[in-house]
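> here is a sequence together with a model predicted from it:
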Amino acid sequence: MKNKFIKKVLLYSSISIILSLFLSFTYIFFPQLPQTFDNSLRDTLFKIRGEIPNNDNVFIVDIDEKSIQTLGQWPWSRNKIAKILDNLTDAGIGLIAFDVVFAESDRSSPKKVLEKYNIKRDDVPDYDEIFAKTVANTPTILGYQFELEKDNKHVSKKAPSIPAIFVEKNKNPDENYLIKATGTILNTPMVQDNAYSSGFFNNVPDESGIIRSVPLIISYDDIIYPSLALEVLRVITDTKRVVINYDQDGVENVKLNDITIPTDRHGRILVNFRGKEKSFKYISALDIYNNKFDKKSIEGKIALVGTSAAGLLDLRATPFESVYPGVEVHANVIDNILTGDFIYKPSWMDGVNLVLIFILSLVVTLAITFTPFWYNPFITMTFLAASGYVSYYSLFTKGLVLNMFYPLLTIIAAAIISTLLDYFFEIRQEEAIKKKFASKVSKDVMDNLLKNMDDKGFQAMEKEVTVFFSDVRGFTQISEKMGDAKNLIQYLNQYMEPMSNIITKYQGTIDKYIGDAIMAYWNAPGNVENHPDKAVLASLEQIAHLEPLNKEYDKENKPHIDIGIGLNTGMAIVGEMGSSGRSDYTVIGDAINLGARLESLCKFYNSKLNISNFTKDALKEEYVFRFLDLVTVKGKSKPIEIWQVYGKGQAQGAQKEELEKHHEAIELYKNSQFKEALIIFEELENSQTKTNNNIYKIYIQRCTEFIKHPPENFIGVYEHTTKG
C-alpha cells in the first residue's frame with residue numbers, strides 16, 4: 001500500500017514537472033504568444049476594481065463639441081488659444097501642457113491673409129506671434145509627435161530642444177531597448193522656439209489596439225526625449241538631471257530627483273487607469289475662453305489641453321472602454337507618478353511567474369489525484385479563484401503585474417491531465433475489480449465496490465458475513481452415469497449457471513466452485529442489507545429451481561440433481577489472501593467452517609437447507625422452520641442449533657400440524673422425557689404426510705437408547721464426531 005502510494009506520487013509529480021517544463025518553455029521562448037489573452041484578463045481586473053479617485057491635481061481643458069460649435073471648427077485662430085492661456089494664467093494655474101501640436105502657421109491671421117495678396121502692413125495682428133509670446137509668458141509646455149514609421153519621407157527631421165540632461169546608467173552599449181523615432185511633427189518654429197519646454201504625446205497601442213502603457217522616453221538620433229507627462233513632472237520637480245536606470249533586461253526605472261518611476265524594459269510606464277472617461281475633471285475650452293469657470297478650483301494645478309470631440313480623432317481604446325480621450329491617458333500617467341501609485345513588472349517577475357507555474361502544476365495535480373473524483377471541478381474552481389485573487393491583490397495593492405494567463409492555463413491543464421489520468425487509472429482499477437469479481441457478485445455489490453474503489457476494499461478485515469455451501473448429492477454415481485468428461489462438464493454447467501445467477505441476483509458473492517460444490521457469502525466485499533434473509537431466499541429459490549432443471553434433464557435423458565445447502569452467519573476474516581503472485585479474495589474463520597459442516601449434515605438429517613441458530617436469529621422475514629438438533633460439531637465444544645428451512649411464510653395444514661407435534665416432542669426430548677417424546681416421534685414416523693424421512697428415525701433411536709440407558713445431566717446436545 002505504501003509503495004503504491006509513493007509510486008503514484010512520483011508518477012503524478014513527474015507528469016506535473018513535464019507540464020511545467022513545457023509551459024515554461026513557451027513562456028520563455030514565445031512570450032508574445034498569449035500576451036493578448038493575458039492583457040484581456042488583466043483588463044477584467046480593472047473593470048472588477050472599478051473607478052478610484054485621483055489626487056485632483058490634474059484637469060482637462062477640453063476642446064469639446066460645444067467649444068467647436070461656438071468658436072469655430074478646429075484649428076482655431078491662435079489668438080483664441082492665446083486668450084485661453086492668458087485666462088488660465090490669470091487664474092493662477094500651475095502648469096499648462098498641450099496634447100495638441102501646432103504644426104502649421106495660422107492661415108486665419110490677418111497678417112497672413114494680407115501677405116497672401118502681397119500686402120504688407122505693420123498695424124495688423126499676427127496671431128502666430130501673439131500665441132508665441134503668450135506661450136513664452138505663461139507656464140506652458142508644448143506637445144509634439146514623433147514619427148515611428150521606418151520609411152516616412154514626409155516628416156521633419158528637426159529635433160526639439162530639451163532643457164534637461166538624460167543620464168543612462170548600467171546600459172549595455174550593444175543593446176538599444178528604447179523606442180526609436182524616425183522623424184518629428186513639431187510646432188511651427190515661432191511657437192516651438194518660444195516655449196520653455198515640450199514633450200511628445202505619442203500613445204502607442206499594443207497588438208490588440210488598446211492603450212495599456214505609454215512611453216516615457218523615446219530615442220531619436222541617439223538622443224533621449226521625454227514624454228509630455230514626464231516633462232510636466234520634470235518641470236514641477238525642477239529636475240535638471242533625469243536618470244535612466246538599466247538592468248540586464250533593459251530599462252528598469254526613470255528617476256526625477258527623489259521620484260522613481262518603474263517602467264518596462266522599453267521605458268514605458270504601465271498605466272494604472274483611474275476609471276472610465278472623465279475620471280478627471282473636465283472644463284470646456286469655451287468656458288475658459290469666456291472666463292466662466294471657478295478660478296479657485298484650478299489654482300496651482302496642471303491643465304492638460306486636449307480634445308474629447310470625436311471629429312478630432314484623438315480617441316483611444318483603454319482597458320475600461322473603447323472610446324477614451326487620448327489627453328486623459330496623459331492625465332492618468334501624471335496622476336500615477338504624483339501619487340506613486342504604479343503598476344509595474346520588475347525583471348525578477350519572470351522568475352516568479354515560472355516558479356508559480358511549477359508550484360501550481362504540482363499542487364493542483366496532487367490535490368486532484370488524492371481527492372475523490374467528484375471534487376475535481378471544485379478544486380479547479382478554487383485554484384482559479386485563488387489565482388485571480390492573488391493577481392488582483394498583487395496588481396492593485398502591491399502594484400506588481402503577475403502573468404495571469406499562464407497560471408490559469410497551468411491550473412486548467414493540470415486539472416484536465418490529472419482528471420484524465422485519474423479516470424484512466426480508475427477505469428483500470430474498475431476493470432481489475434470487474435475481472436476479479438466478474439460472474440461472482442451481483443451488480444449492486446459491484447457498484448458498491450466501484451463507488452468505494454481503493455486498496456482498503458481488498459485489505460483483510462473482520463466482518464459479519466452469511467456463508468453459503470451447497471453440494472450435489474450422489475455426484476459419484478452421476479459421474480459414472482455421464483461417463484464422458486465432456487458430457488459431465490456440460491451437465492454441471494447446466495446446473496451451475498442458474499445457481500450462480502440466483503446467488504448474484506440476491507447480492508451474494510461467489511467465492512469458488514469446488515467440483516460439484518459452490519461456496520458463496522453475503523455482506524462482503526460490499527455491505528449487503530439483511531444479508532441472512534437474502535442468503536435464505538437465494539437458497540430456497542435454488543431448491544425450487546431444481547424441479548424445472550430436472551425436467552430438462554429428463555428430456556435429455558440425464559440423471560436428476562439433488563442438493564444440500566448449509567448457511568451460517570458470523571464474524572469472519574474477509575480480504576485478499578494468498579501469495580504476491582497468486583491471490584484470491586475470500587473469507588476464512590470458524591463461521592465459515594461451521595457453514596460447511598451444516599451443509600454436510602444435510603445428508604444426516606435428510607434436509608435440503610440447514611441453517612444455524614445464528615442465521616435464524618438474524619432473519620427479518622418469516623419462514624417455515626423445523627428444529628433439527630442441538631449439536632457440537634467436530635472440533636467444537638460449544639453446541640449450536642440446526643434448523644431446517646422449508647420456505648417463506650407460515651406453515652399451513654398438515655405441515656403445520658406435523659411441525660407443531662415435532663417441536664412438542666423435541667421439548668420433551670430436551671427435558672429427558674424420552675418415553676413421552678418417543679410416542680410422538682413414532683406417531684410422526686408412521687404418518688403418511690411426514691415431510692422428513694429420516695429425522696424421526698434419528699430421535700426414535702436416541703429415545704430408545706436413552707430409555708434403556710438414561711444419561712446423566714442431559715441437556716439435549718448430540719455430539720457429531722464426523723464431518724457428515
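Yep, it's here. Residues are numbered from 1 along each chain as shown.

> hey, let's count contacts and neighbours off CA atoms from now on
OK.

> name the helices or strands packed onto the helix or strand containing K661?
Using DSSP states H and E, K661 sits within helix 653-670. Packing partners of helix 653-670 (3 or more Cα pairs under 8 Å, 6 or more residues apart in numbering; DSSP states H and E): strand 623-632, helix 674-685.

> any idea which of the ones you listed gets closest to S470?
For S470, the closest of the helices and strands packed on helix 653-670 is strand 623-632, at 18.3 Å, according to Cα to Cα.

> neighbouring strands of that closest one in the sheet, and parallel or not?
Using DSSP bridges, strand 623-632 pairs in its sheet with strand 640-648 (antiparallel), strand 717-719 (parallel).

> and the last one, how far from the chain's centre?
So that's strand 717-719. A distance of 66 Å separates the centroid of the chain from that of strand 717-719, by Cα atoms, centre = their mean, to the nearest Å.

> got the buried residues for that strand?
By 16 or more other Cα atoms under 10 Å, strand 717-719 has no buried positions at all.

> could you export the helices and strands packed on helix 653-670 as CSV, including mean neighbour count and distance to A91?
Converted to CSV, the helices and strands packed on helix 653-670 look like this (neighbours: other Cα atoms under 10 Å; distance: least, Cα to Cα, whole Å):
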stretch, mean neighbour count, distance to A91
strand 623-632, 18, 108
helix 674-685, 19, 130
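
> out of those, nearest to R241?
Per Cα to Cα, nearest to R241 of the helices and strands packed on helix 653-670: strand 623-632, 105.3 Å.

> now do the same for that closest one: mean pLDDT, whole number.
Confidence for strand 623-632, expressed as mean pLDDT, is 94.

> which other residues reach that strand?
Applying Cα atoms under 8 Å, 6 or more residues apart in numbering, the contact partners of strand 623-632 are 605, 638-651, 659, 663, 695, 716-720.

> just the buried residues of the residues you listed.
Applying 16+ other Cα under 10 Å to these, the neighbour count classes 605, 640-647, 651, 659, 695, 716 as buried.

> and Y282, which of the three is it?
At Y282 the chain is in strand, as set by DSSP: H, G, I helix; E, B strand; the rest coil.

> contacts only, for it.
Taking Cα under 8 Å, 6+ apart, we find Y282 in contact with 59-62.

> C-alpha coordinates for the helix holding K661, PDB please?
Extracted C-alpha coordinates of helix 653-670, given in PDB (Å, rounded to 0.1, in the frame of the first residue of the first chain):
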ATOM      1  CA  GLY A 653     -52.500 -27.600   7.100                       C
ATOM      2  CA  ALA A 654     -50.800 -30.900   7.700                       C
ATOM      3  CA  GLN A 655     -47.300 -29.500   7.600                       C
ATOM      4  CA  LYS A 656     -48.200 -27.100  10.400                       C
ATOM      5  CA  GLU A 657     -49.700 -29.900  12.500                       C
ATOM      6  CA  GLU A 658     -46.700 -32.100  11.900                       C
ATOM      7  CA  LEU A 659     -44.200 -29.400  12.800                       C
ATOM      8  CA  GLU A 660     -46.100 -28.500  16.000                       C
ATOM      9  CA  LYS A 661     -46.100 -32.100  17.100                       C
ATOM     10  CA  HIS A 662     -42.400 -32.400  16.200                       C
ATOM     11  CA  HIS A 663     -41.400 -29.400  18.300                       C
ATOM     12  CA  GLU A 664     -43.600 -30.700  21.100                       C
ATOM     13  CA  ALA A 665     -41.700 -33.900  21.100                       C
ATOM     14  CA  ILE A 666     -38.300 -32.000  20.900                       C
ATOM     15  CA  GLU A 667     -39.200 -30.200  24.100                       C
ATOM     16  CA  LEU A 668     -40.000 -33.500  25.800                       C
ATOM     17  CA  TYR A 669     -36.700 -34.900  24.500                       C
ATOM     18  CA  LYS A 670     -34.700 -31.900  25.800                       C
END
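
> nearest to N118, out of the strands paired with strand 623-632?
Nearest to N118, of all the strands paired with strand 623-632, is strand 640-648, at 129.2 Å by Cα to Cα.

> what does the closest one contact?
Residues outside strand 640-648 that contact it (Cα under 8 Å, 6+ apart): 537, 540, 598, 607-613, 616, 621-632.

> returning to that earlier point: go through the contacts of Y282 and flag which are in strands.
By the criterion of DSSP state E, membership of the contacts of Y282 in strands covers 59-62.

> tell me which element K80 falls in.
Using DSSP H and E, the element containing K80 is helix 78-90.

> so which elements touch the next helix or strand after that helix?
Later in the chain than helix 78-90, the nearest helix or strand by DSSP H and E is strand 95-98. Strand 95-98 is packed against strand 140-147, helix 228-236, strand 302-306, with contacts defined by 3+ Cα pairs under 8 Å, 6+ apart.

> may I see the buried residues of strand 95-98?
The neighbour-count check on strand 95-98 (16+ other Cα under 10 Å) flags 95-98 as buried.

> kindly report the same for stretch 281-291.
By 16+ other Cα under 10 Å, the buried positions in stretch 281-291 come out as 282-289, 291.

> avg pLDDT for it?
Here stretch 281-291 scores 97 as its mean pLDDT.

> now stretch 180-189
93.

> likewise stretch 688-700?
Here the average pLDDT along stretch 688-700 is 91.

> related to what we said a few turns ago, redo the strands paired with strand 623-632 as CSV? Include mean pLDDT and distance to K112.
Output for the strands paired with strand 623-632, formatted as CSV (pLDDT from 0 to 100; distance: least, Cα to Cα, whole Å):
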stretch, mean pLDDT, distance to K112
strand 640-648, 96, 121
strand 717-719, 80, 138
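
> turn those strands into JSON lines, including distance to L114.
Output for those, formatted as JSON lines (distance: least, Cα to Cα, whole Å):
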{"stretch": "strand 640-648", "distance to L114": "125"}
{"stretch": "strand 717-719", "distance to L114": "143"}
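
> related to what we said a few turns ago, most neighbours of all the contacts of Y282, which one?
V61 (27 neighbours; other Cα atoms under 10 Å).

> quick check, pLDDT for that residue.
98.

> same deal with the one 10 residues further on?
What the model reports for L71 is a pLDDT of 95.
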